[in-house]
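> pasted the sequence and its predicted model underneath.
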Amino acid sequence: MHKGRKLLAGAVAAGLMAMGSMAAKADVQEYKFDVVGTWGFLENYKQFESKFWNETLPKASGGKLSANAKPYTELGLKGYEVMSGLKKGAYDAVHALTSYSAKASPALEGIDLAGVIQDFDTYRKAVDAYRPIIEREIAEKYNGKLINIYTFPSQQLWCNLKDKSVTKVSLKDLAGKKIRTYSRTLGDFIEGLDASAVTIAFAEVVPALQKGVADCGITGTMPAYNAKWWQVVTHNIRVRVGYAATFTAINLDTWNGLNKETQDLIMSEAKKLEEEIWAFESSLDQKGMDCNAAGPCDKGDPGGMVPITPSADDQKMLADIAQNVVLKRWAKRCGKACADEWNATIGKVVGMTASE
């Protein structure tokens, strides 16, 4: 093709694409969402959730979509309160953890059962396999439309063992300890260690560890650093007991009031957000461990914790607790049909079976 014709064809194509984009934006409805995000001082809210509602959607919609978005921490909400608010229509959209939403739906726990999965790649496959079940449960139990699912850094054990000269610690050494948890499945895991589970809100963990109300706590690698757990904790036992699976959901009444063009735009941008967070969190996981230990750390001074890599015996104990305590207890409270769905999805990914 002649160079001039190529340029003309390219200009025409670009013009058609621009016209298509303008037409698509013209069909998008105007709507301002009331949104609840996760913790305002953590990366997921600061770098992704807030940006999605305050920048990404407004730009993609030509300014037609906007939001009043605030995190749990600014609103004074507990994580387990937000889904009831979504169901009642108090908020148009929320970012919520499956573990905090499992009271009305034990099936939601199935995506984050303590100790079952030890790497991000396997966890992503499990999420994709279980997505239809999560979508159904959010719709039926909470009147919500699932638009994406993502994660936090891996949830690990952080213990105040008082003496940093101790460099060998096993899971058996945690027997009798008081360990902070935030979900039933983590409580099952802790009891499998012959330890005691204590439920403490995230913001209250540091003083609890400082005062001896808890000996250890469970949270993500970078959240532990950001919340300054390193000031009161001596050891990081690097077993992955969960990933704090998180989803974005829109109230179904709100969702059904949007036209197809608006829904398609939101879903397209939500999928991009999901991919971005997964890529970010998989890299942040190691950074969090480094920052809590000797570094390197681009977030500030390293925390100086003693890192404990689980031994072969620890891994064996972890697998035994996951199969014979965590999965058994969850299957019992969720029921046979629920366990069968898990076995046909996540169970196939991890090679495990949930049964009473």
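Cool, got the structure. Residues are numbered from 1 along each chain as shown.

> for the chain, give me the ranges with low pLDDT.
For the chain, applying pLDDT under 70 flags the ranges 1-26.

> go again using 50 as the cut-off
Scanning the chain for pLDDT under 50 picks out the ranges 1-7, 9, 11-23.

> per-domain residue ranges of it.
Under automatic domain parsing, the residue ranges defining each domain of the chain are 29-151+244-285, 155-243+290-335.

> could you export the ones you listed as a markdown table, including mean neighbour count and distance to Lys348?
Yep, even glycine has a C-beta here, placed from its N, CA and C like the rest. Putting the domains of the chain into a markdown table (neighbours: other CB atoms under 10 Å; distance: least, CB to CB, whole Å) gives the following:
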| stretch | mean neighbour count | distance to Lys348 |
| --- | --- | --- |
| domain 29-151+244-285 | 19 | 7 |
| domain 155-243+290-335 | 19 | 14 |
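
> could you dump those domains to TSV with distance to Asn343?
Below are these laid out as TSV (distance: least, CB to CB, whole Å):
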stretch	distance to Asn343
domain 29-151+244-285	10
domain 155-243+290-335	9
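
> show me where the protein has strands.
Applying DSSP state E to the chain gives strands spanning 31-37, 65-71, 93-97, 144-150, 155-159, 178-181, 196-199, 216-220, 235-242, 246-251, 306-308.

> helices or strands up against the last one?
In this structure, strand 306-308 makes packing contacts with strand 235-242, judged by 3 or more CB pairs under 8 Å, 6 or more residues apart in numbering; DSSP states H and E.

> strands paired with the strand it packs on, and their directions?
Strand 235-242 sits in its sheet next to strand 155-159 (antiparallel), strand 306-308 (parallel), going by DSSP bridges.

> for Gly295, find the nearest of those strands.
Gly295 lies closest, by CB to CB, to one member of these: strand 306-308, at 11.5 Å.

> export the strands of the chain as a markdown table, with columns for distance to Glu341.
As requested, these are exported to a markdown table (distance: least, CB to CB, whole Å):
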| stretch | distance to Glu341 |
| --- | --- |
| strand 31-37 | 28 |
| strand 65-71 | 32 |
| strand 93-97 | 20 |
| strand 144-150 | 16 |
| strand 155-159 | 24 |
| strand 178-181 | 25 |
| strand 196-199 | 26 |
| strand 216-220 | 26 |
| strand 235-242 | 20 |
| strand 246-251 | 17 |
| strand 306-308 | 36 |
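
> Thr167 is nearest to which of those?
Within those, the stretch nearest Thr167 is strand 306-308; the backing value is 6.1 Å (CB to CB).

> now find how far off-centre the closest one is within its chain.
Chain-centre distance of strand 306-308: 24 Å, with CA atoms, centre = their mean, to the nearest Å.

> let me have the strands paired with strand 235-242 in a markdown table, extended by distance to Val232.
Shown next, in a markdown table, are these (distance: least, CB to CB, whole Å):
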| stretch | distance to Val232 |
| --- | --- |
| strand 155-159 | 9 |
| strand 306-308 | 14 |
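
> Phe247 is nearest to which of those?
Smallest distance to Phe247 across the strands paired with strand 235-242 (CB to CB): 16.5 Å, for strand 155-159.

> what does the closest one contact?
Residues outside strand 155-159 that contact it (CB atoms under 8 Å, 6 or more residues apart in numbering) are 169, 174, 177, 179, 186, 215-221, 224, 229, 233-244, 289, 292, 305.

> of the strands paired with strand 235-242, which approaches Ala201 most closely?
Nearest to Ala201 among those is strand 155-159 (15.7 Å), distances taken as CB to CB.

> the closest one to strand 216-220, inter-axis angle?
Relative orientation of strand 155-159 and strand 216-220, computed by axes from the mean of the first three to the mean of the last three CA atoms, to 10 degrees: 150 degrees.

> output strand 155-159 as PDB, nothing but the C-alphas.
The C-alpha coordinates for strand 155-159 follow below in PDB (Å, rounded to 0.1, in the frame of the first residue of the first chain):
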ATOM      1  CA  GLN A 155      -1.000 -14.500  56.100                       C
ATOM      2  CA  GLN A 156       1.800 -15.700  58.400                       C
ATOM      3  CA  LEU A 157       2.600 -16.200  62.100                       C
ATOM      4  CA  TRP A 158       4.200 -13.400  64.100                       C
ATOM      5  CA  CYS A 159       5.300 -14.200  67.600                       C
END
